[in-house]
Structures are given as structure tokens and as C-alpha cells.
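> Build me a model from this:
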Amino acid sequence: MKKTRLCDLLGIDYPVIQAPMNLITGAELASAVSNAGGLGVIGPNAGAREETNDVVETGERLRQQIRKTKSLTNKTFGVNLMCASTDLRPDSKPFSDQCTKVVVEEGVPVAVLAGDEPERYVKQLKGAGIKVLHRALPVNVEIAKRAEQSGIDAFIAVGFEGGGHTGFHRVPTFVLVPQVVDALQIPVIAGGGIVNGRSMAAALALGAEGVYIGTGFIVATECPAHQNVKWAIISASDTSTTTIAGLGGIVLRALKTPLIERCIQMEANGNATEEITKLYRSGYRKGMLEGDRERGTFIFGAGAGSIQELKSAGEIVKNIIEETEQILQTL
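Down below sits the predicted model:
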């Protein structure tokens with residue numbers, strides 16, 4: 001497959017980036033994706049069963065995951081860092097500051113900043129020789145322009161189809177990506193509903209130079225998400241997920257579980273966004289790690305309806321690239 005600017009920027013074979021997801025994207029998955037030629041990314045609270053309230057402990061947990069990843073691959077990998085101005089926890093900034101410090105100390109090659117304040121860490125990270133990708137939350141063309149001015153190396157545009165948190169503007173991938181591409185000079189990475197070679201070929205046709213895949217890697221054998229979550233993805237249809245409003249100008253896309261249905265009813269009743277957000281966040285561990293469909297939050301995107309089987313991360317990357325090449329040749 002022809003390399004894009006993103007491949008040269010990051011030193012990877014294929015412009016496939018595994019999206020970082022809370023609790024379920026640790027060293028095993030990140031290293032497997034990187035070993036397959038893509039970019040694996042360690043997510044928040046990787047390797048843990050629950051979040052900690054200790055800033056130093058959070059940083060040291062991350063350090064352990066970084067060192068474990070280095071022991072499993074000699075390829076480029078990344079770490080997710082939060083740069084959000086608004087969060088359920090008002091004390092979230094010290095955690096991000098500490099994790100950024102650890103990333104710099106450990107010489108991680110790539111950082112993926114998620115949130116609305118990339119300028120908070122760009123100078124520090126780039127000063128340490130780290131490549132910086134930014135996943136804007138929320139996201140639109142004007143936000144993308146401001147992010148580019150902060151000095152980031154590439155911009156991640158995730159459309160409304162994506163799982164987890166997306167922008168409250170609810171702009172679909174096919175609308176968002178080409179307009180962001182036209183507005184920026186740096187490489188744009190497309191996310192949201194991209195799970196296979198067909199959707200990757202479409203993203204490249206829209207002008208993206210890489211893809212950002214979350215749901216597609218939840219079903220990887222190296223991902224510690226509960227088997228119930230993986231089977232929910234395999235059995236999902238095009239209408240299996242829904243969205244609810246969250247804090248800070250974002251919305252959450254997740255499977256329609258009883259807990260999420262309660263959130264939807266609360267939203268209809270006019271409950272405060274903070275109250276709704278606390279409820280669905282309370283189901284992260286119960287859902288993603290314990291597989292509790294009644295009390296848990298199963299976070300994945302609308303593209304789940306196109307996923308039919310469980311595979312290793314290496315097989316997923318290989319199949320995506322092979323299908324993309326075949327489609328591009330056919331076109």
C-alpha cells in the first residue's frame with residue numbers, strides 16, 4: 001500500500017491508528033498493532049481494573065504500561081493524554097500533567113492529545129522530540145484550524161458515528177473529514193464508523209491520510225474488554241447504538257443497554273448533564289471489563305454492524321490493508 005505523509009511522520013508501515021480507550025487498550029493490544037505495522041496507542045488507565053484517585057500512582061501505572069509495551073515491540077507506539085478544559089472531575093489536570101511528565105521521561109515516540117486544549121502540552125511534548133496527534137473534543141472545522149495553529153503534527157477528525165465521546169455538533173464522518181482536510185495543511189486522520197478496508201478506502205478518498213479505529217480493535221484477542229462486549233459488537237446491527245449528551249460539549253455513543261436507556265430517559269426529563277454523565281461513567285468498568293449488560297456501559301461505535309468475527313490485532317490490520325488495496329485497485 002502506498003505510504004501517506006502520516007506513515008513518514010510516525011515511522012509506521014500502514015496509516016492505521018488504534019484509538020486509545022479507557023481501561024481496555026494496554027500494552028498487549030498497543031504492541032500487537034504496532035508490530036503489525038500500524039500505530040498502537042496506550043489508553044487511559046491501561047492495565048487497571050479501575051481508576052485511582054492518586055496522581056502519582058496514575059503516572060506510575062502508565063510508566064509500567066509504557067515499559068511493558070517497549071518489551072513487546074521495537075516499533076513506534078503512542079500514549080493517550082487528556083487535554084480537556086471540562087471534565088467530570090475538576091481535579092483532572094494534575095493527572096494529565098503527571099502522565100505527560102511520565103511520557104516525556106520514558107521517551108514515548110507519539111502522544112495522542114484528546115480534548116479541547118492541545119496547546120497545554122504541545123510545546124513540552126515536541127520539545128522532547130515527541131510527535132503530537134490531536135483528537136479534538138468537540139470537533140469542527142474552526143476547532144481544527146485552531147488546533148493546527150497550536151503546533152500539532154496531525155489532526156484526528158472523528159465523526160458522529162464513532163464510539164465513545166464525539167462532538168456535540170454531531171457532524172458525520174463523510175461531512176467532517178473532507179472539510180477538515182480542505183482547511184488544514186497537516187495530515188488529517190479520519191475516525192468514526194471506520195472498521196474495515198471499505199471504510200478505510202472511503203476515508204482515503206475523502207482526503208484523509210490515515211484512519212483512527214477503536215471499535216474494530218475491541219474485538220481483537222489482545223484487547224481485555226469482556227467477551228460479552230465483543231459478542232455484542234459481533235451481533236450488533238446498524239441501529240444497536242445510540243447517543244446521549246455529556247459534559248464539555250461532547251456526546252457519548254454506546255450500545256442501548258438498560259443503563260443507557262435510563263440516561264436517555266433522564267435526558268428527556270431534563271435532568272442535569274452532570275447527573276447523566278455520572279451515571280453512564282459509573283458503568284464503564286461494569287460494562288467494558290465485567291460484561292454486565294444490565295448495569296454496564298458498552299462503549300462502541302455505529303460501525304459495529306459491519307464486524308462479524310473476533311481476530312488478533314495483527315489479522316485485523318492485515319485484513320484492513322489488504323481489503324483497502326483491493327478496493328483502490330478496483331476503483
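
> Now do the end-to-end distance for stretch 15-23.
24 Å (CA to CA, to the nearest Å).

> Distance of the nearest residue to residue 286 once chain neighbours are set aside relative to residue 274?
Nearest-residue entry for residue 286: residue 296, 3.8 Å, with adjacent residues in sequence omitted and distances by CB to CB, 6 or more residues apart in numbering. In this view, the C-beta of every residue, glycine as well, is placed from N, C-alpha and C. Counting by CB to CB, to the nearest Å, the separation of residue 296 from residue 274 is 20 Å.

> Report the helix or strand with the lowest average pLDDT across this protein.
Across the helices and strands of the chain, mean confidence by mean pLDDT, DSSP states H and E is lowest for strand 164-167: a mean of 89.

> Residue 256 against residue 243, yeah?
No. With contacts counted by CB atoms under 8 Å, residue 256 stays clear of residue 243, the gap being 10.4 Å.

> and those two? which has more neighbours close in?
residue 243 (19 against 14; other CB atoms under 10 Å).

> my read is that one is in a helix, agree?
No. Going by DSSP: H, G, I helix; E, B strand; the rest coil, the assignment for residue 243 is strand, not a helix.

> Give the bridge partners for it, please.
Here residue 243 sits in beta bridges with residue 253, as judged by DSSP bridges.

> Give me the neighbour count for residue 104.
Residues near residue 104, counting by other CB under 10 Å: 17.

> Could you tell me which residues make contact with it?
When the contact criterion is CB atoms under 8 Å, 6 or more residues apart in numbering, the partners of residue 104 are 124-125, 128, 130.

> Out of these, which comes closest to residue 93?
residue 124 (13.7 Å; CB to CB).

> how close does that closest one get to residue 296?
For residue 124 relative to residue 296 (CB to CB), the value is 36 Å.

> for residue 131, same thing?
Counting by CB to CB, the gap from residue 131 to residue 296 is 35 Å.

> These two: who's more crowded?
The neighbour comparison of residue 131 against residue 296 (other CB under 10 Å) goes to residue 296, with 27 against 21.

> For that one, list the residues it contacts.
Counted by CB under 8 Å, 6+ apart, residue 296 has contacts 257, 259, 283-288, 290.

> And for residue 168?
Contacts of residue 168 by CB under 8 Å, 6+ apart are 138, 245, 249-251.

> Find me the pLDDT at it, would you?
Looking at residue 168, its pLDDT stands at 84.

> Look up the closest residue to it, ignoring the ones flanking it.
residue 249 (4.7 Å).

> ChimeraX command to pick out the buried ones of the contacts of residue 104?
Buried residues within these, by 16 or more other CB atoms under 10 Å, are selected in ChimeraX with:
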select :124,125,130
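
> which of the contacts of residue 104 lies closest to residue 14?
Distance to residue 14 across the contacts of residue 104 (CB to CB) is lowest for residue 130, with 20.9 Å.

> what helices or strands is the host helix or strand of residue 203 leaning on?
Using DSSP states H and E, residue 203 falls within helix 197-205. Helices and strands touching helix 197-205, by 3 or more CB pairs under 8 Å, 6 or more residues apart in numbering; DSSP states H and E, are helix 173-183, strand 210-213, helix 313-330.

> Please work out which residues outside the following helix or strand past the first one touch it.
Moving toward the C-terminus from helix 173-183, the next helix or strand (DSSP H and E) is strand 188-191. When contacts are defined by CB under 8 Å, 6+ apart, strand 188-191 is touched by residues 6, 15, 17, 19, 133, 135, 144, 154-159, 162, 173, 177, 180-181, 203, 206-214.

> could you redo the last one with a cut-off of 7 Å?
Strand 188-191 is contacted from outside by 6, 17, 19, 133, 154-158, 162, 173, 177, 180-181, 203, 206-212, using CB atoms under 7 Å, 6 or more residues apart in numbering.
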